[in-house]
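Enquirer: Provide a 3D model corresponding to the input given below.
(2 chains)
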There are 2 protein chains.
Amino acid sequence: TPGGCPVHWSVALGKSPAHFKHRLSIRSAAATAAAVPQAKMRRQNIRTLALIVVTFTYLLVGAVIFDVIESGHEIEARQIYLEEEQHWKTLFNISDEIFENITDLVLKMKPYKASSEQWKFYGAFYFSTTLITTIGYGHSTPKTRTGKVVCMLYSLVGIPLCIVMFQSIGERLNALITFILRSLKRLFRCKNTDVSQTNLIVVSINIGTLVLAAGAALFSHYESWNYLDSVYYCFITLTTVGFGDMVALQKNDQLKNRPDYVLFSLVFIMAGLTVVSSAMNLMVLRFLTMNTEDVRREELEQAAAAREAIRLEGDVINANGSVLLAMQARTDAESAVTTPEELEAASKPAPTGSDCLASDCWCCLRRYRQSRLRRQ
Amino acid sequence: TPGGCPVHWSVALGKSPAHFKHRLSIRSAAATAAAVPQAKMRRQNIRTLALIVVTFTYLLVGAVIFDVIESGHEIEARQIYLEEEQHWKTLFNISDEIFENITDLVLKMKPYKASSEQWKFYGAFYFSTTLITTIGYGHSTPKTRTGKVVCMLYSLVGIPLCIVMFQSIGERLNALITFILRSLKRLFRCKNTDVSQTNLIVVSINIGTLVLAAGAALFSHYESWNYLDSVYYCFITLTTVGFGDMVALQKNDQLKNRPDYVLFSLVFIMAGLTVVSSAMNLMVLRFLTMNTEDVRREELEQAAAAREAIRLEGDVINANGSVLLAMQARTDAESAVTTPEELEAASKPAPTGSDCLASDCWCCLRRYRQSRLRRQ
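Expert: Numbers count the residues shown, from 1 in each chain, chains lettered A, B, ... in the order given. Next up, the predicted model:
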């Protein structure tokens, strides 16, 4: 126990200068151990603060960019709108107030106009899908009080369920890709048959792009959208942004008349979100586990400091006999488990490979065990 | 190495029955080690399949529920809409075709009508926020081709950045809650000052509910929505569903005239998403790490099997002298590290506590190290 050190240190007084040097290094190790929690707080808080600053800067930049691109068009479009409105008002002699009423009516009834059955089984299924995947186009939304309450309760369970499912499928997909890549590398007799995280990310991004491009082509066909609009729709859907400015299945009673297209749309959403999940998983997880890695590294540092303390106890007791000297030697050998190289290794990202994707913690554990096995 | 076993086994022939029994247990351990990858594939695939089945069942149930609740209202509303439309058409003598044109105009120009500057700085900032948080109300969306392309590129960086930021703040928030709870428990001299994951989830849900209720009250005040609608708006926003059927900052040029309200709305979104992230983090992460835990447990099982093999080697060599017997004894003591209890512990969720939130892997490492320290 580091707390017991001072007693032993006082016993150790009057030893050779070499011992004092040893003791000094121990003291610094103990000091490091005490300083670690503070350093950890600082490092993690700084990282969080940096992320906040970066995100808000990114939002500021975005605001400027979209202002430049869209605000000119907005002014023009508004002008055209006002002129056209005035044209209709004059033509049919409609007062401002009445035109406002007509506008309200049109906006409220848009979903009922789009399809005769937004809420019959297929439509309700489509709505449920956009709800628990958090896409939320808003093409049809609950209008009754009961509907709104049930909608909240339903998503309270559905959204976590969906996240877990996509992560789970995404993880299986990554495992499958790893297996295929490794098999291919073996087939072509590559020297290094390991599948790196970079390999996986590249493959994931390619699959994602493929799903997007193919989906866009099909939606473009079914909805008569131009290809860029169709890509934009697919992108906005698969990122779960779901603006709802373009929504599939809203023309010609498709929800009722085109079950094949309904099925394709739902499969596209599910398959696409899985691919995006698995790619996002790979890219984002490294950042998410940073703090955990910090904690683990500090744990190793503290363990190293604790071992130094044990070694000191060994030194002190060793004055009594040679049997204890041997024990001290063994303690030294054990304490070598946390060498500077191991600390270094712990502070680095995990080794690459399929098993290290979800979390590299167990890899660290394995490495540690292997090094122990080797030493025996 | 397990591969070298048969040679040693043949040497071991002709030993006492006790030795044979030992050998049999070893053989079963080695067999387990070989069977593990298959079992792992099966277990993880079954879990994924189960999640898919549960999710689709949940969607079916949702479809039925929303059909029952909303489809009656839909038929009525559609009827009312058609009647009112007919009323205006007859009153002003508007043809079907022309009314269709007016409808198109009203729908296209809705965002320009709602506010005079959806795309001036504040509005563009608001849009960027709803984009990278994946809320995507769709109250205003890019209309130009450039705008759509930039929107996709912008969110390609922005969405991962946002996820990482919310996770990071959420993690810090959980650490803060843990610190406060522990301090409170010490203050009231509780026997057990540990902060369990359940404690944290309860506190997170309470904070989340508080943010939602307070936000809803303020939006209800600013937007003149009734309280249920306001709660529904906040809920749909903080889950990032963002239907867009109700959107804040869309009346009376609030984006231009009410900078205080704009600031509150953005702070609400950011703070709310952080709280939801941290609560979601706690609830979902257990499931997300399941497969990782499987892999780790199998790793431990394999290590245990490997150690059994080493013990066998010890047995065989021990026929040569007593010094090696002692070595065997030591090997036995070492192999006790992977006892059935440890395997059991590894298969269970991590011990509770603030440090165990992000990942419990390092806890397992710590436990392992502590048990080793104790044995020394």
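
Enquirer: need the strands for chain A, in chain order.
Expert: For chain A, applying DSSP state E gives no strands.

Enquirer: where in it is pLDDT low?
Expert: Residue ranges of chain A with pLDDT under 70: A:1-41, A:116, A:284-292, A:295, A:308-376.

Enquirer: can you list the domain ranges for it.
Expert: A:41-309, A:344-376 (automatic domain parsing).

Enquirer: tell me which of those sits nearest to residue B:152.
Expert: Nearest to residue B:152 among the domains of chain A is domain A:41-309; the distance by CB to CB comes to 4.9 Å. In short, each C-beta sits where N, CA and C put it, glycine included.

Enquirer: need the contact partners of stretch A:93-112.
Expert: A:85, A:88-89, A:118, A:139-141, B:74, B:77-78, B:81, B:84-85, B:88, B:92, B:102-103, B:106-107, B:110, B:113 (CB atoms under 8 Å, 6 or more residues apart in numbering or on different chains).

Enquirer: kindly check the end-to-end length of stretch A:221-231 for me.
Expert: 12 Å (CA to CA, to the nearest Å).

Enquirer: before we move on, back to that, okay, the domains of chain A in a markdown table with mean neighbour count next?
Expert: Formatted as a markdown table, those follow (neighbours: other CB atoms under 10 Å in any protein chain shown):
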| stretch | mean neighbour count |
| --- | --- |
| domain A:41-309 | 18 |
| domain A:344-376 | 18 |
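
Enquirer: reformat those domains as CSV; add distance to residue B:252.
Expert: Below are the domains of chain A laid out as CSV (distance: least, CB to CB, whole Å):
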stretch, distance to residue B:252
domain A:41-309, 14
domain A:344-376, 50
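
Enquirer: from residue B:235, how far out is the closest residue to residue A:118 other than its chain neighbours?
Expert: In space, and not counting its chain neighbours, residue A:118 is closest to residue A:140: 3.8 Å by CB to CB, 6 or more residues apart in numbering or on different chains. Residue A:140 is 17 Å from residue B:235, where distance means CB to CB, to the nearest Å.

Enquirer: residue A:61 now?
Expert: From residue A:61 to residue B:235 the distance is 30 Å (CB to CB).

Enquirer: now do residue A:103
Expert: 28 Å.

Enquirer: still on that earlier bit, in helices, which of the contacts of stretch A:93-112 appear?
Expert: A:85, A:88-89, B:74, B:77-78, B:81, B:84-85, B:88, B:92, B:102-103, B:106-107, B:110, B:113 (DSSP state H).

Enquirer: quick one: the helices in the stretch 1-150 of chain A?
Expert: Assigned helices in the stretch 1-150 of chain A, in chain order: A:5-12, A:17-92, A:96-114, A:121-132, A:145-187 (criterion: DSSP state H, counting those that start in this stretch).

Enquirer: can you pull the contacts of the residue nearest to residue A:118?
Expert: Residue A:140 touches A:111, A:114, A:118-119, A:123, A:127, counting by CB under 8 Å, 6+ apart.

Enquirer: try 7 Å this time
Expert: A:111, A:118-119, A:123, A:127 (CB atoms under 7 Å, 6 or more residues apart in numbering or on different chains).

Enquirer: now render the residues you listed as TSV, adding distance to residue A:248.
Expert: As requested, the contacts of residue A:140 are arranged in TSV below (distance: CB to CB, whole Å):
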residue	distance to residue A:248
A:111	14
A:118	13
A:119	17
A:123	12
A:127	13
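
Enquirer: does at least one residue of stretch A:125-134 sit close to chain B?
Expert: Yes. Using CB under 7 Å from any CB of the partner chain, stretch A:125-134 reaches chain B at A:125, A:127-129, A:131, A:134.

Enquirer: can you tell me which of those lies nearest to residue B:305?
Expert: residue A:134 (43.9 Å).

Enquirer: so what's the closest one up against?
Expert: Residue A:134 neighbours (CB under 7 Å, 6+ apart): A:159, A:240, B:134, B:239-241.

Enquirer: and these, which two are furthest apart?
Expert: Most distant of the contacts of residue A:134, by CB to CB, are A:159 and B:134, 12.2 Å apart.

Enquirer: check contacts around residue A:168.
Expert: Here residue A:168 is in contact with B:47-48, B:51 (CB under 7 Å, 6+ apart).

Enquirer: report the separation between it and residue B:143.
Expert: Relative to residue B:143, and taking CB to CB, residue A:168 is found at 38 Å.

Enquirer: just residue A:105 next, same as before
Expert: 24 Å.

Enquirer: what's stretch A:246-255 in contact with?
Expert: Contacts of stretch A:246-255 (CB under 7 Å, 6+ apart): A:114-117, A:122-123, A:126, A:137, A:139, A:219, A:223, A:225, A:229, A:233, A:261-262, A:265.

Enquirer: and if we set it to 6 Å?
Expert: A:114-116, A:122-123, A:137, A:139, A:219, A:233, A:261, A:265 (CB atoms under 6 Å, 6 or more residues apart in numbering or on different chains).

Enquirer: with just CA atoms, put that stretch into PDB.
Expert: The C-alpha trace of stretch A:246-255 is given here as PDB (Å, rounded to 0.1, in the frame of the first residue of the first chain):
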ATOM      1  CA  MET A 246     -38.700  15.000 -50.500                       C
ATOM      2  CA  VAL A 247     -40.400  11.900 -49.300                       C
ATOM      3  CA  ALA A 248     -40.800   8.600 -51.100                       C
ATOM      4  CA  LEU A 249     -44.200   6.800 -51.300                       C
ATOM      5  CA  GLN A 250     -46.300  10.100 -51.500                       C
ATOM      6  CA  LYS A 251     -47.600  10.000 -55.000                       C
ATOM      7  CA  ASN A 252     -50.500   8.200 -56.700                       C
ATOM      8  CA  ASP A 253     -51.500   6.200 -53.700                       C
ATOM      9  CA  GLN A 254     -48.200   4.200 -53.900                       C
ATOM     10  CA  LEU A 255     -48.700   3.000 -50.300                       C
END
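
Enquirer: ok, the contacts of residue A:140 vs chain B, which is closest?
Expert: residue A:119 (3.9 Å; CB to the nearest CB).
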